[in-house]
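A.B. asks: coords please:
(one chain, ligands or ions: 2)
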Amino acid sequence: MSRGNLFIISAPSGAGKSTILKKLLAAVDNLAFSVSHTTRAPRPGESNGREYHFVDRATFEGMREEQAFLEWAEVHGNFYGTSRADIETQQAQGLDVFLDIDVQGAHQLQEQRLPGVVFLFIAPPSLVELEKRLRGRGTDPEETVQLRLSNARREMEDAGRYDYLVINDQLDEAVEVLRAVVIAERCKARRSPNGRPIDLVALGFAPQ
Ligand code: ADP
Ligand code: 5GP
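C.D. replies: Ligands and ions are numbered 1, 2, ... in the order given. I've put the predicted structure just below:
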């Protein structure tokens, strides 16, 4: 079975990355989401093992020392990391895996130059709209909103380092662009649009 691709997706907080990913995962076959480890507290409605593996600082640091993370970073005052073992399991099943990681984590992976890794950046249509979305989400206190807005200015400067830029103005259009990217990357890896390897026997091209 051919290994899946890794899709690294970064965006300023509030740009709509989680909303887009949820829709994309429901719309496209053979995609998986990489559930990161974090020391941040769960938000209302989040559950352990679904959005994140919520761990304390000592557990995170222990994993870091054991080299358990493919990449990790401190973002907005909390630690976040991607488990090497989880990604390996998903890719080996032929799944394309989406990693929701910040620009620092994306840099680390760019430097590793792993094959089959695609970098996507999601931008909000404007700073004013980003602020509206962060407040509209209603999950973060004012000082957190301010910190995320000031980090956004710096993060937007990194958009040029990514393979694809998607502006999340109309939600459905942004999801459609991401779907197109996944299908195009599958074709590059000579897989079917559904992510499965092409089956020469089923197509009647079996060697004589
Ligand atoms: P992120 O995961 O990037 O931090 P979210 O997915 O939580 O962002 O989205 C932030 C807020 O913006 C949410 O309330 C979400 O419903 C809203 N949102 C997302 N995409 C759009 C869009 N295209 N138009 C308007 N609101 C959006
Ligand atoms: P949030 O707390 O809003 O869920 O996420 C905050 C930031 O942490 C986002 O930019 C998100 O992409 C990033 N993030 C989430 N998981 C990881 C991870 O495993 N590694 C890195 N480097 N960043 C992550």
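
A.B. asks: Tell me, how many residues neighbour the spatially closest residue to residue 44 that is not a sequence neighbour?
C.D. replies: Nearest non-adjacent residue to residue 44, counting by CB to CB, 6 or more residues apart in numbering: residue 139, 7.0 Å away. Placement of C-beta: from N, CA and C, glycine included. Neighbourhood size, residue 139 [other CB atoms under 10 Å]: 14.

A.B. asks: again with residue 131
C.D. replies: Residue 131 has 17 nearby residues by other CB under 10 Å.

A.B. asks: So it: helix, strand or coil?
C.D. replies: Following DSSP: H, G, I helix; E, B strand; the rest coil, residue 131 is assigned to helix.

A.B. asks: got the contact list for it?
C.D. replies: 14, 145, 149 (CB atoms under 8 Å, 6 or more residues apart in numbering).

A.B. asks: Residue 74 too?
C.D. replies: Per CB under 8 Å, 6+ apart, neighbours of residue 74: residue 80.

A.B. asks: secondary structure class for it?
C.D. replies: Assignment for residue 74 (three-state DSSP): strand.

A.B. asks: go on, the one 5 residues further on?
C.D. replies: Taking three-state DSSP as the rule, one finds residue 79 in the strand state.

A.B. asks: One more: the one 10 residues further on?
C.D. replies: For residue 89, the secondary structure call by three-state DSSP comes out as helix.

A.B. asks: Tally up the residues packed near it, please.
C.D. replies: Neighbourhood size, residue 89 [other CB under 10 Å]: 13.

A.B. asks: Need the per-residue pLDDT for it.
C.D. replies: According to the per-residue confidence, residue 89 scores 95 in pLDDT.

A.B. asks: cool, the one 4 residues further on as well?
C.D. replies: Residue 93 carries a pLDDT score of 93 in this model.

A.B. asks: Tell me how many other residues surround it.
C.D. replies: Residue crowding around residue 93 was assessed by other CB under 10 Å; the count is 13.

A.B. asks: Next: residue 60.
C.D. replies: Residue 60: 21 surrounding residues under other CB under 10 Å.

A.B. asks: Check residue 156 too.
C.D. replies: The burial count for residue 156: 18, using other CB under 10 Å.

A.B. asks: these two touch, right, it and residue 122?
C.D. replies: No: using CB atoms under 8 Å, residue 156 is not in contact with residue 122, being 10.9 Å away.

A.B. asks: How about the contacts made by residue 158?
C.D. replies: Neighbour list for residue 158: 10, 103, 106, 107, 121 [criterion: CB under 8 Å, 6+ apart].

A.B. asks: Please apply the same query to residue 155.
C.D. replies: Residue 155 is in contact with 10, 11, 12, 102, 103, counting by CB under 8 Å, 6+ apart.

A.B. asks: out of these, who's near ligand 2?
C.D. replies: Near ligand 2, judged by CB under 6 Å from any ligand atom, the entries from the contacts of residue 155 are 10, 102.

A.B. asks: Output the contacts of residue 155 in CSV; the columns should cover secondary structure and pLDDT.
C.D. replies: Output for the contacts of residue 155, formatted as CSV (DSSP: H, G, I helix; E, B strand; the rest coil; pLDDT from 0 to 100):
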residue, secondary structure, pLDDT
10, strand, 97
11, coil, 97
12, coil, 95
102, coil, 93
103, helix, 95
